[in-house]
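what's the 3D shape of this:
(one chain, ligands or ions: 1)
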Amino acid sequence: MKIGFIGLGNMGRPMALNLARAGHSLVVFDPVATALQALAEAGATAGASARAVAATPGLDLLVTMLPAAAHVRSVYLGDDGVLAAVGQGVLLVDCSTIDPMTAREVAAAAARQGNPMLDAPVSGGTGGAEAGTLTFMVGGAEADFATAQPVLAQMGRNIVHCGGAGNGQVAKVANNMLLGISMIGAAEAMSLGVALGMDPAVLAGIINTSSGRCWSTDTYNPYPGVLPNAPAARGYTGGFGADLMLKDLGLATEAARAAHLPVAMGALAQQLYQAFSAQGHGGLDFSAIIRSVQGKTAA
Ligand code: NAD
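Down below sits the predicted model:
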């Protein structure tokens with residue numbers, strides 16, 4: 001297939017490389033010149049702009065992997081953007097994590113000029129992007145999902161159709177809001193038990209065979225020394241940055257506001273991550289929020 005790929009950052013670069021390795025003909029763009037280099041070395045053609053990539057003759061599919069909704073708006077809807085140049089019928093797939101309302105608005109604009117569009121945010125982080133094991137949560141028409149599925153499967157392992165336009169983003173924000181909340185709960189429960197005299201590993205073992213068990217306790221426990229491979233075991237480096245969690249909690253609370261739904265726990269989690277980030281810790285893994293619970297954020 002001839003595939004356009006716009007946005008070659010921490011996630012987009014390894015994803016695009018997996019498509020190049022799978023034998024697709026790629027035309028790529030990112031405003032950061034060094035981001036283009038790895039793709040050029042893998043045989044991709046560097047486009048001069050997002051518009052130039054979109055205008056490539058014979059394009060079958062165009063993928064974007066951009067930081068946030070404002071970038072998605074400008075790349076698709078701007079005067080020099082994708083929709084101004086892309087051929088009718090080219091399938092557009094936005095893998096950025098953005099709010100469902102923007103995803104639906106951009107998909108509607110694409111549909112008005114004859115371009116089907118899917119929102120396909122991912123989970124699995126940069127490790128999953130490199131290994132080609134991402135989970136894709138996809139919103140859009142069933143037939144378009146069927147067209148994109150084999151291509152997404154070259155970058156991921158679980159490719160899930162979540163319903164109509166925007167529903168991929170809905171699944172992503174709902175899951176990540178729960179994750180943000182559950183991590184703070186795990187941090188509080190572990191800290192409380194240890195402060196009252198429990199051994200952290202024994203406490204984690206009890207929780208993980210009891211009703212408090214969740215991913216934040218059994219796979220990603222924030223207490224140091226409980227799990228040898230969790231970010232807590234390496235000073236909260238690597239993993240999923242607290243600032244990325246803060247971004248996703250912001251998307252969740254904004255989406256909840258639009259849906260007139262109270263998400264008190266999600267909003268509280270957002271504020272706690274906001275405070276943690278404001279103290280300069282946004283680059284740490286999000287499980288480092290336990291330091292805030294323990295009053296150790298200056299460490
Ligand atoms: P990133 O900042 O590393 O990469 C984004 C890239 O987009 C950059 O290279 C940037 O130059 C490029 N870009 C910005 N404006 C552009 C424009 N106008 N035209 C073309 N390219 C432009 O971000 P990332 O970590 O790759 O994340 C991308 C998306 O994936 C985000 O929405 C993020 O929330 C989501 N995500 C990230 C992770 C993760 O662990 N990093 C995990 C899951 C989802």
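
who touches the residue in the chain positioned nearest to the ligand in this structure?
Going by Cβ to the nearest ligand atom, the ligand is nearest to Gly9 of the chain, at 1.7 Å. Yep, even glycine has a C-beta here, placed from its N, CA and C like the rest. Residues counted as contacts of Gly9 (Cβ atoms under 8 Å, 6 or more residues apart in numbering) are 30, 32, 35, 65, 67.

now what about stretch 138-154, what contacts it?
Counting by Cβ under 8 Å, 6+ apart, 1, 3, 18-19, 22, 24, 61, 91, 93, 100, 103, 107, 116-120, 132, 136, 159-171 sit against stretch 138-154.

among those, which are in helices?
18-19, 100, 103, 107, 167-171 (DSSP state H).

ok, back up a step: can you turn the buried part of the contacts of Gly9 into a PyMOL selection?
This is how PyMOL selects the buried members of those, with burial counted by 16 or more other Cβ atoms under 10 Å:
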select buried, resi 30+35+65
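
tell me the helices in the stretch 51-200 of the chain, going along the chain?
Assigned by DSSP state H, counting those that start in this stretch, the helices in the stretch 51-200 of the chain fall at 69-77, 100-112, 125-131, 142-152, 167-195, 200-208.

what mean pLDDT does the first one have?
In other words, helix 69-77. Helix 69-77 shows a mean pLDDT of 97.

Same check on the second one?
Taken as a whole, helix 100-112 has a mean pLDDT of 97.

Same check on the third one?
The average of the pLDDT scores along helix 125-131 is 91.

low-confidence ranges in the protein?
297-299 (pLDDT under 70).

quick one, which residue of it lies the farthest from its center?
Gly197 (37.9 Å; Cα atoms, centre = their mean).

Now do the same contact list for it.
By Cβ under 8 Å, 6+ apart, Gly197 has no neighbours at all.

rewinding a little: kindly reformat the contacts of Gly9 as a markdown table containing distance to Thr209.
Output for those, formatted as a markdown table (distance: Cβ to Cβ, whole Å):
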| residue | distance to Thr209 |
| --- | --- |
| Asp30 | 47 |
| Val32 | 48 |
| Ala35 | 46 |
| Met65 | 39 |
| Pro67 | 40 |
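
and the ligand, which of the contacts of Gly9 contact it?
By Cβ under 6 Å from any ligand atom, the members of those lying near the ligand are 30, 32, 35, 65, 67.

Surely the last one is in contact with Cys95?
Put plainly, it is Pro67. No: using Cβ atoms under 8 Å as the test, Pro67 is too far from Cys95 to be in contact (11.8 Å).

quick check: domain ranges of this structure?
What automatic domain parsing lists as the domains of the chain is 2-164, 170-293.

where do the strands sit along the stretch 1-150 of the chain?
Here the stretch 1-150 of the chain has its strands, by DSSP state E, counting those that start in this stretch, at 2-6, 25-29, 45-46, 61-64, 91-94, 117-119, 122-123, 134-139.

What parts of the stretch 1-150 of the chain come near the ligand?
Residues of the stretch 1-150 of the chain lying near the ligand (Cβ under 6 Å from any ligand atom): 6-12, 29-32, 35, 50, 65-68, 71, 74-75, 96-97, 122-123, 125-126.
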